[in-house]
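Participant: My questions concern the predicted model and sequence given below.
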Amino acid sequence: MRHFELSFIDSKKSILDQLQLIFPNGLITTHGYNFISDIDEFNYEVIDFLGDIHFVLCECQFGIDTTITVKPNQLKSLVIRFILESNIQYGNESTAIGEGKENGASLFNTYTEQTIVIHKNKSIKWLAIHIPIDKWNSFTESKWSSLNTIIENTSPWVLFENMSPKYSKLIKDIFSYQKLDIGKKGLISAKSIELSTLFFLQLYKRSDNEEKYGIPDVELSKLFEIKELLSKSLESPPDIETLSTSFAMSESKLRANFKKVFGMPPYQYLMAERLNEAYRLLESTSRSLIDIALSLGFNDQSHFTKSFKKTFNCLPSNVRH
């Protein structure tokens, strides 16, 4: 297992200096850093936007298992990270995150140390958006008090959101713009702003109660395990009573902590994952609607179609047109 450390970005120069120490035979490019060897590929680009806001695009594939520890600092910034093509594992958690996984998108502060495990020969892409907290407060005019309480907390914290198919499409567009000679920075910036806006709107839609955001009072690893179990059991998931017994947590405490971190109670999360998986299957397979519906635990095609239309504002059949 190979290990190296980075710090949260405070300037393009500082992050390029760190990367050059880690990969001394790499090449500094117009926007970032590129390293290729017999077993490793690493491409890191930083797009500056309005001074202190940065969009970071990273693609890598390593020939050996590698951990990257991102060290905390006092920058007082928010980071939104979206991960595609993932087999990434956070710290000692057993849960991988990324497109098609439980947690493709996360919001955290730069006081939060993170160790990311990247398994050998796995292609990884991620996009990170760095926003100073003062810029966030200025943009929202401090009207989002329920989230500001978390954002202004200088303790380590992290919130997760699911990656809808729309997120994935935007991120793939952003990475495709890397090949452009003209318009690259503008298009990447525009799509990144759109993506981050969708992310915050999704956070904003969390139910109006005191548990909509927060730091759980149980181990985060337990919540990851519950989430992973639900994701692997879309057709026949365990009920809340079974989960409560298995994880030695009262039903009310389980619901509250799950919602604090992931934005919705377990059953609502399960339904969201069923519908996201259905969208992916409609795009990538020729399976019939009834087959997809029943395989994901819907009672019948009518129930599936009604839920799908409510979530994506279109009929399942429209996805294939």
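Facilitator: Received it, and whenever you're ready, just let me know what you need. Numbers count the residues shown, from 1 in each chain.

Participant: Would you map the strands across the stretch 101-250 of the chain?
Facilitator: With strands called from DSSP state E, counting those that start in this stretch, the stretch 101-250 of the chain shows them at 105-109, 114-118, 124-132, 158-161.

Participant: JSON lines for the ones you listed, including mean neighbour count?
Facilitator: The way it works is simple: take the backbone N, C-alpha and C, and place the C-beta from them, glycine included. Supplementary listing: these in JSON lines, determined by neighbours: other CB atoms under 10 Å:
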{"stretch": "strand 105-109", "mean neighbour count": "23"}
{"stretch": "strand 114-118", "mean neighbour count": "19"}
{"stretch": "strand 124-132", "mean neighbour count": "21"}
{"stretch": "strand 158-161", "mean neighbour count": "20"}
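
Participant: okay, the ones you listed in TSV with mean pLDDT next?
Facilitator: Supplementary listing: the strands of the stretch 101-250 of the chain in TSV, determined by pLDDT from 0 to 100:
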stretch	mean pLDDT
strand 105-109	83
strand 114-118	77
strand 124-132	87
strand 158-161	76
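
Participant: Dump the ones you listed into JSON lines; add distance to residue 74 as well.
Facilitator: JSON lines is the format used below for the strands of the stretch 101-250 of the chain (distance: least, CB to CB, whole Å):
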{"stretch": "strand 105-109", "distance to residue 74": "10"}
{"stretch": "strand 114-118", "distance to residue 74": "16"}
{"stretch": "strand 124-132", "distance to residue 74": "12"}
{"stretch": "strand 158-161", "distance to residue 74": "18"}
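
Participant: quick one: which of those is nearest residue 185?
Facilitator: strand 124-132 (14.5 Å; CB to CB).

Participant: Please enumerate residues in contact with the closest one?
Facilitator: Applying CB atoms under 8 Å, 6 or more residues apart in numbering, the external contacts of strand 124-132 come out as 8-9, 52-61, 75-88, 118, 171, 174-175, 192, 195-196.

Participant: Please identify the pairing partners of that strand and their relative orientation?
Facilitator: Taking DSSP bridges as the criterion, strand 124-132 pairs within the sheet with strand 53-61 (antiparallel), strand 77-84 (antiparallel).

Participant: one step back: which stretch among the strands of the stretch 101-250 of the chain comes nearest residue 3?
Facilitator: strand 114-118 (8.5 Å).

Participant: Provide the strand pairings for that closest one, with the direction of each partner.
Facilitator: Based on DSSP bridges, the strands next to strand 114-118 in the sheet, each with its direction, are strand 66-71 (antiparallel), strand 88-90 (antiparallel).

Participant: Quickly, which of those bottoms out on average pLDDT?
Facilitator: Per-segment mean pLDDT for these reaches its minimum on strand 88-90, at a mean of 47.

Participant: Would you mark the buried spots in stretch 191-204?
Facilitator: 191-192, 195-196, 198-200, 203 (16 or more other CB atoms under 10 Å).

Participant: And stretch 156-175, by the same measure?
Facilitator: Along stretch 156-175, these residues count as buried under the neighbour rule (16+ other CB under 10 Å): 157-165, 167-168, 170-171, 174-175.

Participant: How far does it stretch from one end to the other?
Facilitator: The straight-line separation of the ends of stretch 156-175 (CA to CA, to the nearest Å) is 29 Å.

Participant: need the helix or strand of this protein with the lowest average pLDDT.
Facilitator: Scoring the helices and strands of the chain by mean pLDDT, DSSP states H and E places strand 96-97 at the bottom, with a mean of 43.

Participant: Could I get the phi/psi values of the spatially closest residue to residue 10 that is not a sequence neighbour?
Facilitator: Taking CB to CB, 6 or more residues apart in numbering as the measure, residue 10 lies nearest to residue 75, with 5.6 Å between them; neighbours along the chain are not counted. Main-chain torsions, residue 75, degrees, to the nearest 10: phi -70, psi -20.
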